[in-house]
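Asks: could you work out the structure for the sequence below:
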Amino acid sequence: MAVIMEKEKLKREIGVLTLSLAIINMTIGTGIFIIPAIISENLGAAAIVAYIVCGVLMFLIALCFAEVGSKVTSNGGTYTYIETAFGPFPGFIANNLFWFGTAMLSDAAVANGLADTLKYFSPLFGAELYRTLFFVFIFGILALINIRSTKNSMKFIELTTFVKLIPLILLIVIGTSFISSENLVWTITPTVGNIGNASLLLIFAFFGVEYPMANSGEIKNAKRTIPLGIFFGISAVLIIYISIQVVTQGVLGNTLVSHKDAPLGAVAEIIAGKSGIIIMILAIAISMFGNLGGSIFSTPRVLYAGAQDSLMPKVFEKVHTKYFTPYIAILFYTVLGLLFASIGGFKQLAIISGASTLLIYLGVILSTIKLRKRGSPTLEKTFQIPGGIIIPLLAVGVILWLLSNLSRLEIISLMIFIVVFTLIYFSTKLVRKNP
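Replies: The predicted structure follows:
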C-alpha cells in the first residue's frame with residue numbers, strides 16, 4: 001500500500017546520497033565528542049560491545065522507519081506515519097512531541113553549546129549581548145538558506161557533513177598509529193548490567209534518523225531511496241562510532257576517563273599538539289552548526305504537514321511561490337528557536353527531548369505494524385521488513401525497555417507535556433464545533 005498525498009506542493013529532490021548524509025549529519029552531533037570517555041568508565045576497552053548492542057537496536061528501529069517510510073511518502077515523516085495509522089489525535093500529539101519536545105529544545109541547547117564552544121576563541125561569546133546577536137545571525141542565516149530552496153539546503157547539509165567528517169576520519173586514520181595494544185585489553189568483564197547502563201546513555205547518540213524523514217514529501221522514489229538511505233546512513237554512523245571509541249581507548253588507555261570534557265581533543269593534542277585541539281574544536285562547532293541546520297531543514301515540514309491535515313494553523317501550509325518551500329513554517333520555527341536559545345530558560349525542559357524521541361520511535365514502530373495489517377491492494381511494490389512481525393515486535397520490546405529506565409522527573413515532565421497538548425487539541429476541536 002503506497003500512501004501518497006496529492007496535496008503536496010514541494011519538489012522531490014532528495015536522493016539516496018543526500019538522505020544518507022542527512023542521517024549522518026543529524027546523528028553524529030556533539031555526543032560522540034564526549035561519550036567515549038563516559039562509556040569507557042563503565043566498560044573500559046570492552047565499551048565496543050555497547051556500541052554493537054546499540055547499533056543492532058537502531059537497525060531494528062531503522063527497518064521500521066524504512067518500511068513505513070516507503071508506504072507513507074508525504075511530508076511530515078514520523079508525524080505523518082502515526083497520523084496515517086492511528087488518526088488525528090495521536091498525529092497531533094506526535095506532531096507536537098516532535099517539533100517542540102524533540103527538536104525545539106534540542107536546537108536551543110545546540111545553539112548554546114555552539115556559543116560555549118566558540119568561547120575558546122573569544123570570551124565575547126559568553127557575554128549576553130554578543131551571544132544573542134550570534135544567535136540572531138546563525139538562525140537568520142539558516143532560515144535564509146532553507147527558505148531560498150530545498151536544493152541549497154541539501155548542499156548545505158552535504159557540505160557541513162563532509163567538513164564535520166573529515167577531522168573525525170583523519171583522527172581515526174592518523175590515531176591508529178598511536179594506539180598501544182595493551183590499552184585495548186579487556187580489564188572489565190561485560191555483563192548484562194554494565195552493558196545495559198552504558199547502552200541507555202549511548203543510545204541517545206544514535207538518535208537522528210527521525211529528522212530527515214520529516215522531508216518524506218521531497219524524497220525521490222521513496223520506496224527505494226528511504227531503505228537505502230537509512231541503511232547506508234546508520235551503517236556509516238556505527239562504523240565511525242566504533243572506530244572513534246577504539247582510537248580514543250587505544251591512545252589514552254586508562255587516562256581516557258580523566259578526559260570526560262574532551263576525549264577527542266586529548267587524542268588530537270597527542271597527535272598534532274595545540275593545532276590538533278583547535279582543529280577538533282572547529283570540528284565540534286561545525287558539527288553543532290550542521291546539526292542545527294539539518295533540524296531547521298526538516299522540522300518545519302512537520303508543521304507544514306500538520307497544517308495540511310488541519311491539526312496546526314493553516315498559515316503553516318503556505319509554500320513560497322518562487323522557492324517552493326514552506327517559508328512561514330520555517331520562519332516560525334527559527335524565530336521560536338532563537339527565542340528559546342536567547343532566554344536560556346528552556347534548559348530545565350530539555351530533559352523531555354530524549355523521552356519524546358523514544359515515544360515517537362514507539363509510535364513509528366506501531367504504525368509499521370498497523371499499516372502492514374491494513375493491506376489495501378496495490379500494484380506498486382513497497383519495502384517490507386523480512387521475517388514478518390518479528391523485527392517490529394523486537395523493536396517495541398527495546399523501546400519499552402528504554403522507557404522503563406526513565407527517571408521519575410523525565411516521566412512527570414513527559415506526562416505534563418502530553419496532558420497540555422491533549423487539552424489544546426480537544427479545546428480547539430470544541431471551539432471549531434461551537435464557534
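
Asks: now the strands: where do they sit in the chain?
Replies: Counting by DSSP state E, no segments of the chain form strands.

Asks: any idea which helix is longest in it?
Replies: Identified as the longest helix of the chain according to DSSP state H is helix 222-252.

Asks: what residues of that one count as buried?
Replies: By neighbour count on 16 or more other Cβ atoms under 10 Å, the buried set for helix 222-252 is 222-223, 225-238, 240-252. Any C-beta I mention is one placed from the backbone N, CA and C, and that applies to glycine too.

Asks: between helix 222-252 and the lowest-mean-pLDDT helix or strand in the chain, find me the angle.
Replies: Here the helix or strand of the chain ranked lowest by mean pLDDT, DSSP states H and E is helix 192-202, holding a mean of 75. Angle between the axes of helix 192-202 and helix 222-252 is 110 degrees (criterion: axes from the mean of the first three to the mean of the last three Cα atoms, to 10 degrees).

Asks: buried set for helix 192-202?
Replies: N194, I195, N197, A198, S199, L202.

Asks: for the residues you listed, which two are the farthest from each other?
Replies: N194 and L202 (11.9 Å; Cβ to Cβ).

Asks: center of the chain - which residue?
Replies: G208 (2.2 Å; Cα atoms, centre = their mean).

Asks: pretty sure it is touching I23, no?
Replies: Yes - with contact defined as Cβ atoms under 8 Å, G208 reaches I23; the gap is 6.3 Å.

Asks: mind listing the shared neighbours of these two?
Replies: Common contact partners of G208 and I23 (Cβ atoms under 8 Å, 6 or more residues apart in numbering): V237.

Asks: where does the prediction get shaky in the stretch 1-150 of the chain?
Replies: For the stretch 1-150 of the chain, the stretches with pLDDT under 70 are 1-11, 30-31, 75-76.

Asks: switch the cut-off to 50
Replies: Low-confidence regions of the stretch 1-150 of the chain, defined by pLDDT under 50, span residues 1-7.

Asks: now the helices for it?
Replies: Using DSSP state H, counting those that start in this stretch, the helices found in the stretch 1-150 of the chain span residues 16-27, 35-43, 48-71, 78-86, 88-96, 105-118, 128-148, 150-175.

Asks: list the buried residues of the second one.
Replies: In other words, helix 35-43. I35, P36, A37, I38, I39, S40, N42, L43.

Asks: next one: the last one
Replies: Taking 16+ other Cβ under 10 Å as the basis for neighbour counts, the residues of helix 150-175 that come out buried are 150, 152-154, 156-158, 160-161, 164-165, 167-168, 170-172, 175.

Asks: tell me the spacing between T382 and E83.
Replies: Counting by Cβ to Cβ, to the nearest Å, the gap from T382 to E83 is 18 Å.

Asks: so T18 sits against F156, correct?
Replies: No - in this structure T18 lies outside contact range of F156 using Cβ under 8 Å: 10.8 Å.

Asks: show me what contacts I169?
Replies: I240.

Asks: that should have said I239, apologies.
Replies: With Cβ under 8 Å, 6+ apart, I239 has no contacts at all.

Asks: need the pLDDT of it.
Replies: pLDDT, I239: 92.

Asks: separation between it and I24?
Replies: From I239 to I24 the distance is 11 Å (Cβ to Cβ).

Asks: cool, S181 as well?
Replies: Taken as Cβ to Cβ, the span from S181 to I24 is 30 Å.

Asks: please say which of those two ends up with more neighbours.
Replies: I24 (25 against 7; other Cβ atoms under 10 Å).

Asks: is it true that the more buried one touches E158?
Replies: No - using Cβ under 8 Å, I24 is not in contact with E158; the gap is 10.1 Å.

Asks: what residues sit buried inside stretch 295-313?
Replies: Buried, per 16+ other Cβ under 10 Å, within stretch 295-313: 295-309, 311-312.

Asks: these in helices, which ones?
Replies: 295-298, 300-308.

Asks: what's the neighbour count on W401?
Replies: 13.

Asks: gap between it and Q308?
Replies: Distance, W401 to Q308, by Cβ to Cβ: 35 Å.
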